[in-house]
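K.L.:
this one's sequence-less:
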């Protein structure tokens, strides 16, 4: 299978540049899977998960908004923030979730409610992406 280059860039750094089998992300029209030879397109990316596969192994990134440009041989993601699953500190993400939940309760019905909800969404995304890594790292269970 022909591979496609995936490049994920934030204002601070290049998070990833690698040849991959497939890229899956949520675009403006819903989930999109991109293989080598895909038609060109540009789509905004909401806060969400980007999945890609290399040699049959799925890998995950948390994306905090941005844009995805697709060309037949390359996918470029320009994100406000992007983290690979192995970069996420689960304890810090859990603490961020607790803080965001408390802020959401505190600011319910105020102008800051949407900001607190977005913070909670980001924290939950980071926890979900970190959990996917943990599931892949666990040794297989022996059958009895």
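P.N.:
Great, that's in hand. Predicted model, so just to flag it, every value in this text is computed and none were measured. Numbers count the residues shown, from 1 in each chain.

K.L.:
drop to CA atoms for contacts and neighbour counts, all remaining ones
P.N.:
Fine.

K.L.:
list the buried ones in stretch 74-94?
P.N.:
Neighbour-count burial for stretch 74-94, counted by 16 or more other CA atoms under 10 Å, picks out 74-79, 81-86, 88, 90, 93.

K.L.:
any idea of the mean pLDDT for it?
P.N.:
For stretch 74-94, mean pLDDT is 89.

K.L.:
rewinding a little: which ones among the buried residues of stretch 74-94 map onto helices?
P.N.:
Of these, the ones assigned to helices by DSSP state H are 90, 93.

K.L.:
low-confidence stretches in this structure?
P.N.:
Along the chain, segments meeting pLDDT under 70 span 133-144.

K.L.:
can you give me the helices in it?
P.N.:
Counting by DSSP H, the helices of the chain are 90-106, 113-137.

K.L.:
any chance of CSV for those helices, columns distance to residue 12?
P.N.:
Output for the helices of the chain, formatted as CSV (distance: least, CA to CA, whole Å):
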stretch, distance to residue 12
helix 90-106, 20
helix 113-137, 19
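
K.L.:
single out the most deeply packed of those helices.
P.N.:
helix 113-137 (a mean of 18; mean count of other CA atoms under 10 Å).

K.L.:
for it, packing partners?
P.N.:
Packing partners of helix 113-137 (3 or more CA pairs under 8 Å, 6 or more residues apart in numbering; DSSP states H and E): strand 41-54, strand 57-71, helix 90-106.

K.L.:
let's see which of the buried residues of stretch 74-94 end up in strands.
P.N.:
Counting by DSSP state E, the buried residues of stretch 74-94 place 74-79, 82-84 in strands.

K.L.:
mind listing what the residue nearest to residue 2 when sequence neighbours are not counted touches?
P.N.:
Leaving aside its sequence neighbours, residue 2 sits nearest to residue 36 (CA to CA, 6 or more residues apart in numbering; 6.1 Å). Residues near residue 36 by CA atoms under 8 Å, 6 or more residues apart in numbering: 2-4, 21-22, 72-74.
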